[in-house]
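**Q** dropping a prediction and its sequence here:
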Amino acid sequence: MAQALRTVLLEPEEPQENIAITLTPRHERKAAPDLLQRPGRLMLCLAGALALLMLYIGGNAQIARYEYERQALQQEYAQLNRDCVRLTMARDRMASQPKVTAVAQSIGLEVPTADRIHYVTVTGPLPSAVVAQAPVRQSWVAQTGTRLVAALDSTLQRLSRGPGEPAYAHE
C-alpha cells in the first residue's frame with residue numbers, strides 16, 4: 001500500500017482544461033444560395049424554363065391540329081371512295097350493250113359495219129401535233145433531277161401550305 005501511495009503522490013497531475021459553457025442559438029441562419037443573391041440569373045432561368053414549357057405545349061397543339069386535319073381529310077377520302085364506287089357501278093349499269101344500242105338508235109346513230117371502216121396509212125413524216133405529244137426520252141440523270149425537284153417542291157408546298165415557286169424547277 002505504501003508503494004501505491006508513493007506512485008500517486010509523486011506523479012505530476014495532468015492539467016485540467018477550463019470548460020466554458022456558451023449558449024448557441026438552435027437554428028443558425030444559413031447563407032442564401034447564389035441564385036437568390038442575384039435575381040437576374042433566377043429570372044433568366046425562370047424565363048428559359050417558361051419558354052421551354054411554351055414550346056412543348058405549342059408543339060403538342062400543332063400535332064393535335066394536324067391530327068384533326070388528317071382525320072377530316074381521311075373522312076373526305078372515304079366519302080370520295082364511296083362516291084367513286086357508286087359512280088363506277090352506275091357507269092357499268094349504263095354501259096350494258098342493249099341499253100347503249102337503244103340510246104344510240106334513238107339519237108340516230110348506227111353501228112358501223114366493216115365496209116364503213118376506213119384505215120389510213122401514213123407514209124410521210126408525222127404531223128407536228130403528233131410529234132409534240134410524243135414523250136421525249138431523257139437521260140437517267142435528267143429524270144432523277146426532275147424527280148428530285150418535284151419531290152422538293154412538293155415537300156415545300158406541304159410545309160408552307162401553299163404553292164412553291166415553279167420557276168426554279170425549269171433551271
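**A** It's in.

**Q** for residue 159, grab the count of nearby residues.
**A** By other Cβ atoms under 10 Å, 9 other residues sit near residue 159. Yep, even glycine has a C-beta here, placed from its N, CA and C like the rest.

**Q** and the pLDDT at it?
**A** For residue 159, the model assigns a pLDDT of 79.

**Q** can I get stretch 140-150 in PDB, CA atoms only?
**A** The C-alpha coordinates for stretch 140-150 follow below in PDB (Å, rounded to 0.1, in the frame of the first residue of the first chain):
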ATOM      1  CA  TRP A 140     -31.200   8.900-116.200                       C
ATOM      2  CA  VAL A 141     -29.600  11.900-114.600                       C
ATOM      3  CA  ALA A 142     -32.100  14.300-116.100                       C
ATOM      4  CA  GLN A 143     -35.000  12.100-115.000                       C
ATOM      5  CA  THR A 144     -33.600  11.800-111.400                       C
ATOM      6  CA  GLY A 145     -33.000  15.600-111.300                       C
ATOM      7  CA  THR A 146     -36.600  16.200-112.400                       C
ATOM      8  CA  ARG A 147     -38.000  13.800-109.800                       C
ATOM      9  CA  LEU A 148     -35.800  15.400-107.100                       C
ATOM     10  CA  VAL A 149     -37.000  18.900-107.900                       C
ATOM     11  CA  ALA A 150     -40.600  17.700-108.000                       C
END
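
**Q** and the one residue sitting closest to the centre of the chain, how far from residue 70?
**A** Geometric centre of the chain, nearest residue: residue 63, 8.1 Å, by Cα atoms, centre = their mean. From residue 63 across to residue 70, the span is 10 Å (Cβ to Cβ, to the nearest Å).

**Q** return the distance of the residue nearest to the centre of the chain relative to residue 69.
**A** Residue 63 is 11 Å from residue 69, by Cβ to Cβ.

**Q** kindly report the same for residue 97.
**A** 46 Å.

**Q** compare the two (neighbour count), which wins?
**A** residue 69 (10 against 7).

**Q** tell me who's in contact with that one.
**A** Neighbour list for residue 69: empty [criterion: Cβ atoms under 8 Å, 6 or more residues apart in numbering].

**Q** picking that back up, continuing past the host helix or strand of the residue nearest to the centre of the chain, what's the next helix or strand?
**A** Using DSSP states H and E, residue 63 sits in helix 39-94. Downstream of helix 39-94, the first helix or strand assigned by DSSP H and E is helix 97-107.

**Q** kindly export that following helix (C-alpha atoms) in PDB.
**A** Extracted C-alpha coordinates of helix 97-107, given in PDB (Å, rounded to 0.1, in the frame of the first residue of the first chain):
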ATOM      1  CA  GLN A  97     -74.800  -3.300-124.600                       C
ATOM      2  CA  PRO A  98     -78.600  -3.300-125.200                       C
ATOM      3  CA  LYS A  99     -79.100   0.000-123.400                       C
ATOM      4  CA  VAL A 100     -76.300   1.700-125.300                       C
ATOM      5  CA  THR A 101     -77.600   0.400-128.600                       C
ATOM      6  CA  ALA A 102     -81.100   1.600-127.800                       C
ATOM      7  CA  VAL A 103     -79.900   5.100-126.800                       C
ATOM      8  CA  ALA A 104     -77.700   5.300-129.900                       C
ATOM      9  CA  GLN A 105     -80.500   4.300-132.200                       C
ATOM     10  CA  SER A 106     -82.800   6.800-130.600                       C
ATOM     11  CA  ILE A 107     -80.300   9.500-131.400                       C
END
